[in-house]
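Asker: sequence first, then the predicted structure, then my questions.
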Amino acid sequence: MIQKELMTVTNQTEIAHNIYEMTLQGALVDQMNEPGRFVHLKAGDEMIPLLRRPISIARIEPEKQEFTMIYRAEGAGTNALAKKRAGDKVDVLGPLGHGFPVDEAKPGQTALLIGGGIGVPPLYELSRRLNANGVKTIHVLGFQNKEAAFYTEQFLALGETYVATVDGSLGEQGFVTDVVNKFSLKADIFYSCGPTLMLKAVEQLQAAPSGYISLEERMGCGIGACFACVCHPAQDKSGTAYLKICSDGPVFPAGEVAL
Amino acid sequence: MIQKELMTVTNQTEIAHNIYEMTLQGALVDQMNEPGRFVHLKAGDEMIPLLRRPISIARIEPEKQEFTMIYRAEGAGTNALAKKRAGDKVDVLGPLGHGFPVDEAKPGQTALLIGGGIGVPPLYELSRRLNANGVKTIHVLGFQNKEAAFYTEQFLALGETYVATVDGSLGEQGFVTDVVNKFSLKADIFYSCGPTLMLKAVEQLQAAPSGYISLEERMGCGIGACFACVCHPAQDKSGTAYLKICSDGPVFPAGEVAL
Amino acid sequence: MNRLTIELPGLSLKNPVMPASGCFGFGREFSQLYDLSTLGAIMIKATTEEPRYGNPTPRVAETPAGMLNAIGLQNPGLEKVIANELEWLKQFDVPIIANVAGSQTEDYVAVAKEISRAANVHALELNISCPNVKTGGIAFGTVPETAKELTKRVKEVSEVPVYVKLSPNVTNIVEIAKAVEDGGADGITMINTLIGMRIDVKTARPVLSNRTGGLSGPAVKPVAIRMVYEVSQNTNLPIIGMGGISTVEDIIEFYLAGADAVAVGTANFVNPFVCPELIEQLDGYLEEHHIDHISDLKGRSWK
Amino acid sequence: MNRLTIELPGLSLKNPVMPASGCFGFGREFSQLYDLSTLGAIMIKATTEEPRYGNPTPRVAETPAGMLNAIGLQNPGLEKVIANELEWLKQFDVPIIANVAGSQTEDYVAVAKEISRAANVHALELNISCPNVKTGGIAFGTVPETAKELTKRVKEVSEVPVYVKLSPNVTNIVEIAKAVEDGGADGITMINTLIGMRIDVKTARPVLSNRTGGLSGPAVKPVAIRMVYEVSQNTNLPIIGMGGISTVEDIIEFYLAGADAVAVGTANFVNPFVCPELIEQLDGYLEEHHIDHISDLKGRSWK
Ligand SMILES: Cc1cc2nc3c(=O)[nH]c(=O)nc-3n(C[C@H](O)[C@H](O)[C@H](O)COP(=O)(O)OP(=O)(O)OC[C@H]3O[C@@H](n4cnc5c(N)ncnc54)[C@H](O)[C@@H]3O)c2cc1C
Ligand SMILES: Cc1cc2nc3c(=O)[nH]c(=O)nc-3n(C[C@H](O)[C@H](O)[C@H](O)COP(=O)(O)OP(=O)(O)OC[C@H]3O[C@@H](n4cnc5c(N)ncnc54)[C@H](O)[C@@H]3O)c2cc1C
Ligand SMILES: Cc1cc2nc3c(=O)[nH]c(=O)nc-3n(C[C@H](O)[C@H](O)[C@H](O)COP(=O)(O)O)c2cc1C
Ligand SMILES: Cc1cc2nc3c(=O)[nH]c(=O)nc-3n(C[C@H](O)[C@H](O)[C@H](O)COP(=O)(O)O)c2cc1C
Ligand code: FES
Ligand code: FES
């Protein structure tokens, strides 16, 4: 069930240049059951910024009633978030949307997880769950450069991990798709999250027979009521069909959405 | 000279119900030369509240480069101010306006200082200076009730002090003017600050041959440029004459302004 | 909660607080969060004769104390709204105000005729003020004679009272209000959004793909209050006021300006529980201030 | 600072940043804070033929990310403005844009004729958009034909180019802009304030004694940007853009929308040093972004 709670910050760390890892505690965590879902949050009750900000759930720790997000401090909302310290409160609405179907990967199979930039975080909880289910995971993580990279160690602890940076300052030089091609990575299923252009390229890879992608769009309500975040289905004869990224997604089967 | 400075909070104490005493440190204090002038300040650089808030200078300590204000936390601006802690910064513009002419009271004379509510603070620095000049001060301080009263001890240390509360919970029951009448207080000069209705009544008292009053009005710029804070002179044949409370005042000779 | 009941043409409201059109979809999402029967009414998303996808994304952008939207009247079309949405809404004990939109008079008439026959639709809200469509919409809301004519035509076919939603993007809102009153409107809802725009300084392009959008939220409240203040003194129509409401004090301010009920839009995105919270707080406010009935406040700023 | 120089009718500007009329008085107060010669120009407070006291106080009120004012064109009158204020301003190396107001055509003409002869007045700004006076002001700014006629009459007597200041409180701002272009205007300044209102929930009375006031500040910027965007594409007149500017990015946004220069109003109250700060930051911004000249940005959002 969707809840709204003033959750307590238990940890806030800058883990890369302008990239923060924040852990929040509260009863709302009991509702978090799936990787790839997101929360919609507000650092305070002020009118600027007015709207909430969607941030993916990167790690869930039910026993501690904690979850972790990883976000880039960019504009007004995420910068306000970055000012929070342990003990402070954050207004969280969630969990929202539909996440990655973990059970689509069967025990013993291999899953290819491809993330770009701030699309990497939701793949972490996904990978943990896949590994817990006996699924082998291969991770391909793309970043702008070394300074912007994060969580490479954590992914490595879960499985084979490749890193690509645009400037070559860490791992392979190039895009995530270059890495998949270069090492001829193959899997039974793929899961991907990142910029739309990246997702488009990922869908064209032949690395796995099927997969899931997670999309981003500017949001108003985050719950499906305002029609801010719609996208076109790939198959739409009428021209008026739509999918809402916040409530039908953000995760969709690859090929379902017109990118 | 008027300056703008991010000053440092060195003390913030709630000294009565919703009444705060805040001390700020910075080079701007070097410009503070007169009691009754005010600062125009902003707790932060956010757009809500957008405008600065005028607050009187209640005490100046040049040697420490500190000054103290006393304010009531009422609306958005003063409540934001009340959240500040020692070490935090406050954006101060000042010192502004014209203050109480201390030298109008000659050594050996008696001055009657009449303050109401948040009009009391500027009288404190005034009284310190008058006493330093060898002027005897009599203070009449009016408050809503006991909980809202402050600085009675500090004034008592400087001279004869009467307190009036509307509900009689502290000192005399009634208004400051009732106290002046009841005790037939007389002086060579009076100085007063408080709500306009009070100032009007004070001007009608015959307690001193002349005096000065300090006015309040909603302000925009605080420096005389926007014409938000004008008032009519008592003598105005044209109907278009005006005085700006922020820059011609806030202190005016009694009788000069149409109240 | 006797202090909060309101009688308006077609509407017996438990309380005067309702979500504004376009900020609540057809209620499905919010029904997961609280019981919709607690609401005074629901203004559902604009309905057009045919399904509409609306404008390309991005469709929303933030502004100081406000937001811009250019949804473009996306909706599944009259048939589906009646068959799926209104049908589904019947489970709740709450009157529906159907927001009717179109590109030409015939569209409005067709939608009004059908949708006003739905059992739980107690009133229509004629949307002559949507700034986000190329034809129709706001065009009807800026010329008094056109607004009057459309109101008349819709009144002829509607089975329920017709409220006309006014655009703030006009030189003289009183003139438009009087025109729709002449056209037979039963009430007025106001204000729709102000036309605004943001440009991304990094890309040099408008942030919204539709370029301009409708400005809503706290930033526009002073404009809304001013217009309700003027219109309430110059027409006899009841007014459902909106524009930037997010607190109980905002609701009181709209009442003092001259509103008979209020709608809450953008604030639903900031806090999806805002409507039921406001209803409860409003009752508390009236009790605390010894106000016998909310309607005692109507127009007190000018009476 | 070559990147910042701007040539407009009557105005050779060192830089495109100037304080907006009514937010800077006649410069005396700000001259205590910094050298006025650093400014691109100064738009002085509205001048009327006779001295005016303006409206009773309170004259200002705060709103979310904005403020309302109802000063009511207070000024010492034409004679004193010329003899005292303009004379005093001569010590600075800065062109003055004189804001001209009145209740009827004759007033405007009389003021324009005299004030345009002052040596340091390089342009007039015809204020047909003040929402805070009962007659004249905004009335001239909402009817295209009237706006055109007034522009023509003022042009006939003015010794310097005439910029017309547009009101945002109109249905179709392009229509008004075209009308003043037809009337012979040399440029446009926009926007003046939106009409708004606040009611004090404690007293149930309007906060401003004039009841309504003009809304300015960051809250109105989206409306201003939209209007500059529209007008710049539909007239050939240069535009001095304003409405909510407080940062360099805001200035860039106005340029991208189609402005040729900008004015800063309300932000002067928030930070009295804002104009010189913005001028310096603007130069830095252009350097950092490898933009040869500020005017390269004009209208880039639609070009
Ligand atoms: C489902 C989903 C999950 C996301 N998960 C993460 C995450 O785990 N970590 C992370 O760093 N970022 C994530 N993002 C992106 C994040 O929402 C934006 O970076 C953030 O909203 C920017 O806000 P701001 O205040 O910093 O920027 P501003 O520029 O001030 O934002 C202005 C407006 O634009 C919206 N906006 C700006 N950028 C984006 C964007 N890329 N996507 C959607 N809306 C945007 C904001 O929400 C806001 O409404 C996610 C986005 C979505 C839709
Ligand atoms: C010269 C001068 C000296 C002052 N000295 C003191 C002082 O020493 N201690 C103190 O507690 N208060 C003082 N005040 C009053 C103080 O400025 C207001 O209480 C304060 O501005 C209220 O701001 P707010 O954010 O709490 O209220 P809000 O209601 O949020 O204020 C909204 C707007 O109204 C203005 N406003 C509200 N009340 C007043 C008022 N009484 N006078 C002027 N503007 C007002 C605010 O400045 C703001 O622009 C002084 C006022 C003036 C003019
Ligand atoms: C995302 C969004 C969609 C809207 N859609 C509609 C609509 O379909 N029909 C309509 O009449 N008004 C629509 N509006 C306008 C609102 O109903 C309301 O009039 C306006 O937003 C002002 O109220 P607010 O400030 O509380 O949001 C929409 C507003 C928003 C923010
Ligand atoms: C206090 C105040 C007084 C104003 N007086 C005038 C005036 O005399 N003449 C005029 O043309 N505009 C006047 N304006 C409007 C401003 O010049 C400007 O157009 C408007 O405030 C929008 O800009 P801003 O948001 O930067 O303030 C005034 C604005 C304010 C806030
Ligand atoms: S964000 Fe409102 S529908 Fe998706
Ligand atoms: S506050 Fe601006 S003139 Fe006094």
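Answerer: Looks like it arrived, so ask away. Ligands and ions are numbered 1, 2, ... in the order given.

Asker: how about stretch C:154-168 and ligand 3, touching?
Answerer: Yes. Judged by C-beta under 6 Å from any ligand atom, stretch C:154-168 comes into contact with ligand 3 at C:Lys165. For glycine as for every other residue, the C-beta is placed from the backbone atoms N, C-alpha and C.

Asker: tell me which residues in that stretch are buried?
Answerer: C:154-155, C:157-158, C:160-168 (16 or more other C-beta atoms under 10 Å in any protein chain shown).

Asker: I'd like those as TSV, with pLDDT, distance to A:Ala105 and secondary structure appended.
Answerer: Converted to TSV, the buried residues of stretch C:154-168 look like this (pLDDT from 0 to 100; distance: C-beta to C-beta, whole Å; DSSP: H, G, I helix; E, B strand; the rest coil):
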residue	pLDDT	distance to A:Ala105	secondary structure
C:Val154	97	55	helix
C:Lys155	98	60	helix
C:Val157	98	56	helix
C:Ser158	98	55	coil
C:Val160	98	53	coil
C:Pro161	98	57	coil
C:Val162	98	56	strand
C:Tyr163	98	53	strand
C:Val164	98	56	strand
C:Lys165	97	50	strand
C:Leu166	97	55	coil
C:Ser167	96	53	coil
C:Pro168	97	53	coil
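
Asker: nearest residue to residue 234 other than its sequence neighbours?
Answerer: In the absence of a named chain, chain A is used. Of all residues not flanking A:Ala234 in the chain, A:Ala258 sits nearest, at 4.9 Å (C-beta to C-beta, 6 or more residues apart in numbering or on different chains).

Asker: please go with chain C instead
Answerer: C:Asn234's closest residue in space is C:Val174 (C-beta to C-beta, 6+ apart), at 4.7 Å.

Asker: same question, C:Asp93
Answerer: In space, C:Asp93 is closest to C:Ser37, 4.3 Å off (C-beta to C-beta, 6+ apart).

Asker: I figured the one you found hits C:Lys90, correct?
Answerer: No. In this structure C:Ser37 lies outside contact range of C:Lys90 using C-beta atoms under 8 Å: 11.5 Å.

Asker: longest strand in the chain, please.
Answerer: No chain specified, so I'll use chain A. Counting residues, the longest strand in chain A under DSSP state E turns out to be strand A:3-16.

Asker: actually it's chain C I care about, not the one you picked
Answerer: The strand that spans the most residues within chain C, counting by DSSP E, is strand C:121-127.

Asker: touching ligand 3 at all, whichever helix or strand comes after that strand?
Answerer: With elements assigned by DSSP states H and E, the helix or strand that comes after strand C:121-127 is helix C:138-142. No. For helix C:138-142, no contact with ligand 3 is found by C-beta under 6 Å from any ligand atom; the gap never falls below 10.1 Å.

Asker: how close does C:Pro58 sit to ligand 6?
Answerer: Between C:Pro58 and ligand 6 the computed distance is 40 Å (C-beta to the nearest ligand atom, to the nearest Å).

Asker: ok so, going back, the residue nearest to A:Ala234 and A:Gly239 touch, don't they?
Answerer: No. Using C-beta under 8 Å, A:Ala258 is not in contact with A:Gly239; the gap is 11.2 Å.

Asker: any stretches of chain C with poor pLDDT?
Answerer: Scanning chain C for pLDDT under 70 picks out C:1, C:134-137.

Asker: what about 80?
Answerer: Along chain C, segments meeting pLDDT under 80 span C:1, C:130-139.

Asker: which residue of it lies farthest from its centroid?
Answerer: The outermost residue of chain C relative to its centre, with distances by C-alpha atoms, centre = their mean, is C:Lys202 at 34.5 Å.

Asker: which ones are touching the nearest residue to A:Phe190 once chain neighbours are set aside?
Answerer: Spatial nearest neighbour of A:Phe190, excluding adjacent residues (C-beta to C-beta, 6+ apart): A:Gly211 at 3.5 Å. Applying C-beta atoms under 8 Å, 6 or more residues apart in numbering or on different chains to A:Gly211 gives the contacts A:112, A:189-192, A:202-203, A:253-254.

Asker: out of those, list just those in helices.
Answerer: Of the contacts of A:Gly211, the ones assigned to helices by DSSP state H are A:202-203.

Asker: where do the helices sit along chain A?
Answerer: Here chain A has its helices, by DSSP H, at A:76-82, A:121-132, A:152-156, A:176-182, A:196-204.

Asker: for these, which one sits closest to D:Gly25?
Answerer: The closest of the helices of chain A to D:Gly25 is helix A:76-82. By C-beta to C-beta, the value is 32.8 Å.

Asker: report the residue ranges of every domain in chain A.
Answerer: Per the record, chain A has its domains at A:3-96, A:102-214, A:215-258, by the TED database.

Asker: show the contacting residues for the residue of the stretch 101-250 of chain A found nearest ligand 2.
Answerer: In the stretch 101-250 of chain A, the residue that lies nearest ligand 2 is A:Gly220 (28.6 Å; C-beta to the nearest ligand atom). By C-beta under 8 Å, 6+ apart, A:Gly220 lies in contact with A:51, A:226, A:228-229, C:60, C:67, C:69, C:269.

Asker: state the distance from the closest residue to ligand 3 within chain A to C:Val60.
Answerer: The minimum distance from chain A to ligand 3, using C-beta to the nearest ligand atom, falls at A:Cys226 (4.5 Å). As judged by C-beta to C-beta, to the nearest Å, A:Cys226 and C:Val60 stand 7 Å apart.

Asker: then C:Thr193?
Answerer: 12 Å.

Asker: residues shared between the contacts of these two?
Answerer: Shared contacts of C:Thr193 and C:Val60 (C-beta under 8 Å, 6+ apart): C:69, C:213.

Asker: ok, back up a step: show me which pair in the buried residues of stretch C:154-168 is furthest apart.
Answerer: C:Val157 and C:Pro168 (27.5 Å).

Asker: related to what we said a few turns ago, out of the buried residues of stretch C:154-168, which comes closest to chain B?
Answerer: Ranked by distance to chain B (C-beta to the nearest C-beta), these are led by C:Pro168 at 21.5 Å.

Asker: next, whichever residue of the stretch 101-250 of chain C sits closest to chain A: phi, psi?
Answerer: Residue nearest to chain A within the stretch 101-250 of chain C: C:Pro218 (5.2 Å; C-beta to the nearest C-beta). Torsion angles at C:Pro218 (phi, psi; degrees, to the nearest 10) stand at phi -50, psi -30.
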